[in-house]
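> Pasted the sequence and its predicted model underneath.
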Amino acid sequence: MTDPLCQFSRSFPDLAASILHRDRHKRRNFREETITDILIAGLTAFEPFGVRVDFPADESKTGDDMDWEFVAPRATNGRRYLRLHIQAKRAIFKQRTRKPSYWLYEQLDHEAQLHAGYGSQAERLINSARAQPCCVPLYMFYHTLGGLQPSGSGLPAIEGVNAIFADLLRPLLTANPPARGNSGWSVDDKKVEKWRPHFMPLSDLLCFGGIAALPVSSNDGRVAFLVRWMNGLISPGMLADRLNARKRRSIAETELVDTASIEAVEQIPQATLRAIETPGAGRGGAEIERPRAIFLSGDGG
């Protein structure tokens with residue numbers, strides 16, 4: 001049997017693709033923020049299972065990026081905490097009449113601030129994550145129905161939601177460093193097909209648990225079954241192992257990725273512990289930089 005969060009991780013990409021498909025032929029498009037907001041809002045349904053969702057007190061800080069924290073306070077192996085800093089980008093379709101059309105992430109080289117230079121957002125994402133222990137920078141890509149493709153020819157599926165390691169963009173930052181007056185990245189650098197070999201499905205980040213039917217004996221000798229969601233399996237240590245396996249695969253395919261290992265650490269930030277100890281405290285607005293989801297593991301890490 002599949003746990004509810006795992007089911008969500010496999011169904012939400014289709015929902016995201018359908019929502020983005022609705023804006024075709026319209027002057028106003030749904031942006032990354034729309035899908036990110038819906039994704040974060042969807043995770044609130046899992047608060048009874050140990051997920052905590054907080055939003056910044058300053059609404060201007062909400063946008064197309066978010067933090068996911070995986071926490072196992074009772075882990076005895078030292079792997080109690082891992083954080084994902086996620087930046088979202090949506091793909092758009094470029095229709096051409098005389099040449100092949102294509103999908104691309106038009107804002108992949110976005111400026112973080114005015115005159116900061118093309119690609120400065122990616123630079124800040126990677127550098128800020130590297131400055132903090134156990135923080136993994138990821139890009140989460142959103143695709144509409146017209147751009148979806150099944151896996152094949154050794155390539156992962158293009159789904160409504162896919163993720164890649166942000167470190168993959170580092171060579172672009174080196175070759176084309178963010179600077180005022182920079183002309184931006186090439187179209188080829190922003191095409192979906194360039195990044196597809198490194199796609200991870202949303203389920204790689206959220207699908208860990210399972211539903212167990214545990215036998216329980218009654219006083220009259222009959223045996224009943226207690227259904228329990230094994231949320232203890234959503235642990236920072238297991239996620240780190242999975243991400244490392246994915247990263248090794250990317251390294252085998254290209255030399256673009258930093259070979260540093262992803263490690264869950266023992267120290268849990270005090271702000272995160274406060275959020276866990278006081279469920280719902282952040283719903284009215286927390287002192288955080290961006291929307292945050294905390295995935296609490298009830299067992300070891």
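Perfect, I can see it now. Numbering: from 1, shown residues only.
> For residue 68, which non-adjacent residue is spatially closest?
residue 84 (4.3 Å; CB to CB, 6 or more residues apart in numbering). Using the backbone N, CA and C atoms, a C-beta is placed for each residue, glycine as well.
> Stretch 98-115: which residues count as buried?
By neighbour count with 16 or more other CB atoms under 10 Å, stretch 98-115 contains the buried residues 102, 103, 104, 105, 108, 109, 110, 111.
> can you pull the contacts of the residue lying closest to residue 265 once chain neighbours are set aside?
Of all residues not flanking residue 265 in the chain, residue 134 sits nearest, at 4.4 Å (CB to CB, 6+ apart). Residue 134 sits next to 81, 82, 83, 236, 262, 263, 264, 265 when contact means CB atoms under 8 Å, 6 or more residues apart in numbering.
> The first one and residue 4, how far apart?
Spelled out, it's residue 81. For residue 81, the distance to residue 4 equals 24 Å [CB to CB, to the nearest Å].
> quick one: contacts for the residue nearest to residue 68?
67, 68, 69, 70, 135, 136, 138, 205.
> let's go with 6 Å and repeat that
68, 136, 138 (CB atoms under 6 Å, 6 or more residues apart in numbering).
> The last one contacts residue 86, correct?
Read it as residue 138. Yes - if you go by CB atoms under 6 Å, residue 138 and residue 86 touch, sitting 4.9 Å apart.
> The stretch 151-300 of the chain: helices as residue ranges?
170-175, 187-190, 192-195, 203-206, 236-253, 270-277 (DSSP state H, counting those that start in this stretch).
> what comes into contact with the second one?
Residues from elsewhere that reach helix 187-190, judged by CB under 6 Å, 6+ apart: 104, 105, 108, 172.
> now, which of these lie within strands?
residue 104 (DSSP state E).
> Quick one: the contacts of helix 187-190 as JSON lines, columns for distance to residue 246 and pLDDT too.
Below are the contacts of helix 187-190 laid out as JSON lines (distance: CB to CB, whole Å; pLDDT from 0 to 100):
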{"residue": "104", "distance to residue 246": "23", "pLDDT": "96"}
{"residue": "105", "distance to residue 246": "20", "pLDDT": "97"}
{"residue": "108", "distance to residue 246": "20", "pLDDT": "94"}
{"residue": "172", "distance to residue 246": "20", "pLDDT": "88"}
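> With distance to residue 143 added, can I get the contacts of helix 187-190 in CSV?
Formatted as CSV, these follow (distance: CB to CB, whole Å):
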residue, distance to residue 143
104, 11
105, 10
108, 14
172, 21
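> Distance of the residue nearest to residue 68 relative to residue 97?
For residue 84, the distance to residue 97 (CB to CB) stands at 41 Å.
> The strand or helix carrying residue 43 packs against which elements?
Using DSSP states H and E, residue 43 maps to helix 32-43. Applying 3 or more CB pairs under 6 Å, 6 or more residues apart in numbering; DSSP states H and E, we find helix 32-43 packed against strand 81-90.
> and the next element down the chain from the strand it packs on?
Next along the chain after strand 81-90, taking DSSP H and E as the criterion, comes strand 92-94.
> Can you give the strand pairings for that following strand, parallel or anti for each?
Sheet neighbours of strand 92-94, with direction, are listed as strand 102-104 (antiparallel) (DSSP bridges).
> So what touches the helix or strand following the partner strand?
As assigned by DSSP H and E, the chain's next helix or strand after strand 102-104 is helix 120-130. Outside helix 120-130, the residues that touch it by CB under 6 Å, 6+ apart are 85, 87, 110, 111, 112, 135, 137, 166, 169, 173, 178.
> if you set the cut-off to 10 Å instead, what comes out?
For helix 120-130, the external contacting residues (CB atoms under 10 Å, 6 or more residues apart in numbering) are 64-65, 83-87, 89, 107-113, 116-117, 135-139, 165-170, 172-173, 177-180, 182, 185, 258, 260, 289.
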